[in-house]
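**Q** 3D model of this:
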Amino acid sequence: MHRILAGLRGSRRPSASAPRRGLAAIVIVAACTVLAPTAARAQPAAAGDPEADALDLANRAAAVESRAGDWHSFIETAVTGTRPRGGRTVDGARLSADLRYDGSPAPGWRLVFAVRLDVIRQQQPYDDVQVNTLKELYVGWQPQPQTTVELGRINLRGGVALGYNPTDFFKTDALRSITSIDPARLRENRLGTVMLRGQRLWEGGSLGALFAPRLTDAPSNADFSPDWGATNRGARWLVTASHPLGGDFSPRWLLHGGDDVATQLGVEATRLVGNATVAFVELSAGRTPALRARIDGSADDNRLRSRLAAGFTHTTAANLSVTIEYDYNGAALDRQGLQELARQPGGRFARYLGLAAAQQDLASRQGLFVHLNWQNAFVRRLDLAAMQRIDLERSSRLSWAEARYRFDRFDVALQWQRASGAPDSVFGALPTQRAVQPLARIFF
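**A** Numbering: from 1, shown residues only. Okay, here's the model as predicted:
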């Protein structure tokens with residue numbers, strides 16, 4: 001795992017010129033955003049699978065603002081106060097620039113480009129870090145209204161659950177930088193995968209297929225590397241299909257495999273329950289090694305294992321959305337396994353947690369995820385959000401909350417997070433115990 005900046009921070013060789021180079025790069029990106037056609041204030045819209053977006057009702061409880069124009073860009077600055085476990089608070093600062101273009105250069109064609117640059121200045125014991133993330137770069141062709149073909153780096157956001165996505169097969173090693181542990185931000189700010197993708201739609205259903213080739217052997221830590229090796233170390237493929245089974249129930253089936261990846265079967269489904277509640281379920285199953293076997297370097301029996309996320313989102317008349325989700329990972333350690341690994345020397349427990357974080361997988365066999373989002377809370381334009389991950393094996397917890405006020409052209413926000421639990425638990429072992437981050441975001 002490389003460049004994980006929240007919760008599990010990796011060390012990096014200091015560079016005195018790195019912050020200056022990063023700040024210069026942000027100035028260049030900012031200049032590009034000013035020269036680009038100015039759009040009305042709007043947050044970047046997710047550019048994923050059209051069918052997945054339709055199914056992803058549970059993930060869309062948060063506000064979705066209408067797009068205006070092809071360019072979407074912002075600059076964000078933040079001050080951070082991080083308290084390591086057993087240590088004093090460490091102050092820092094962050095400057096980020098995000099630029100996205102999603103337009104049609106010609107009839108029937110689509111061009112998407114998305115890049116993000118994060119420059120983090122942190123007092124010891126952490127080093128200054130700058131990270132460039134080429135999130136997306138692809139071209140799309142629509143020869144017919146029901147048919148699309150796309151080629152390039154695509155951030156394929158799979159799944160209908162909010163906290164954990166067993167069918168999001170292309171999330172592994174896709175994070176170069178973490179500035180917020182909000183699941184929506186993690187899905188948006190990651191590397192896409194280079195692929196060729198085609199999809200055919202019909203009323204109520206679809207059929208799609210993609211192929212992602214092998215490009216290089218290993219990921220790169222270079223500041224401005226496109227990092228093809230993080231997402232394209234081996235060839236992979238995915239086939240998806242959906243069709244109504246009665247009424248408005250249209251589950252989506254997935255079949256995934258590739259180099260060193262045994263074939264995995266997945267299914268996603270959502271269902272409206274009443275007028276204000278959406279139930280969802282997401283499941284994957286196939287032969288896969290246990291997470292612990294990957295850090296042991298030992299051969300595993302590659303047994304049949306499953307992953308599951310199931311829950312519901314309820315939205316009140318006051319624009320308060322509540323999501324409760326149960327998560328299960330058959331490849332993760334249970335209570336006894338976590339305690340046993342934590343007692344072993346050599347930092348094996350930390351490596352295990354780092355591997356799970358890099359794969360965006362559950363480190364504990366069972367978990368509970370609770371998320372609240374309240375738009376226009378108390379006063380107009382004030383949004384409140386909170387979440388908590390609960391490790392059901394060892395009862396450790398990871399909590400996060402945000403208060404955000406939206407002006408016409410910029411936002412101000414305050415974020416807080418806390419990890420608690422026993423030292424041999426998933427969240428109790430994280431090096432960061434508490435963190436506070438006030439920030440401001442300016443839209444162009």
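**Q** Just the buried residues of the longest strand seen in the chain, please?
**A** When the chain is parsed with DSSP state E, its longest strand is strand 129-144. Buried positions in strand 129-144, judged by neighbour count with 16 or more other C-beta atoms under 10 Å: Val129, Gln130, Val131, Asn132, Thr133, Leu134, Lys135, Glu136, Leu137, Tyr138, Gly140. C-beta here means a position set from N, CA and C on the backbone, and glycine is covered the same way.
**Q** in its sheet, what does that strand sit against?
**A** Strands that pair with strand 129-144, judged by DSSP bridges, come out as strand 109-122 (antiparallel), strand 147-154 (antiparallel).
**Q** Distance from the chain centre to it, please.
**A** Its chain's C-alpha centre and that of strand 129-144 lie 16 Å apart, by C-alpha atoms, centre = their mean, to the nearest Å.
**Q** likewise stretch 394-409?
**A** With C-alpha atoms, centre = their mean, you get 15 Å for stretch 394-409.
**Q** Can you convert the buried residues of strand 129-144 into a markdown table and add a column each for distance to Trp237?
**A** Listed next are the buried residues of strand 129-144 as a markdown table, based on distance: C-beta to C-beta, whole Å:
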| residue | distance to Trp237 |
| --- | --- |
| Val129 | 34 |
| Gln130 | 34 |
| Val131 | 29 |
| Asn132 | 28 |
| Thr133 | 25 |
| Leu134 | 22 |
| Lys135 | 22 |
| Glu136 | 20 |
| Leu137 | 21 |
| Tyr138 | 17 |
| Gly140 | 19 |
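**Q** quick check, nearest of these to Gly163?
**A** Checking the buried residues of strand 129-144 against Gly163 with C-beta to C-beta, the nearest one is Lys135 at 21.4 Å.
**Q** what ranges of the stretch 51-200 of the chain fall below the confidence cut-off?
**A** Along the stretch 51-200 of the chain, segments meeting pLDDT under 70 span 51-68, 123-127.
**Q** now with 50?
**A** Applying pLDDT under 50 to the stretch 51-200 of the chain flags residues 51-67.
**Q** repeat for the stretch 201-350 of the chain
**A** Using pLDDT under 50, the stretch 201-350 of the chain has no residue that qualifies.
**Q** what's the neighbour count on Gln122?
**A** 18 (other C-beta atoms under 10 Å).
**Q** for it, which residues make a bridge with it?
**A** Gly92.
**Q** Also Arg197?
**A** Glu150, Leu210.
**Q** Now for it: which residues touch it?
**A** Val149, Glu150, Leu151, Ile154, Leu156, Gly208, Ala209, Leu210 (C-beta atoms under 8 Å, 6 or more residues apart in numbering).
**Q** Many thanks, have a good one.
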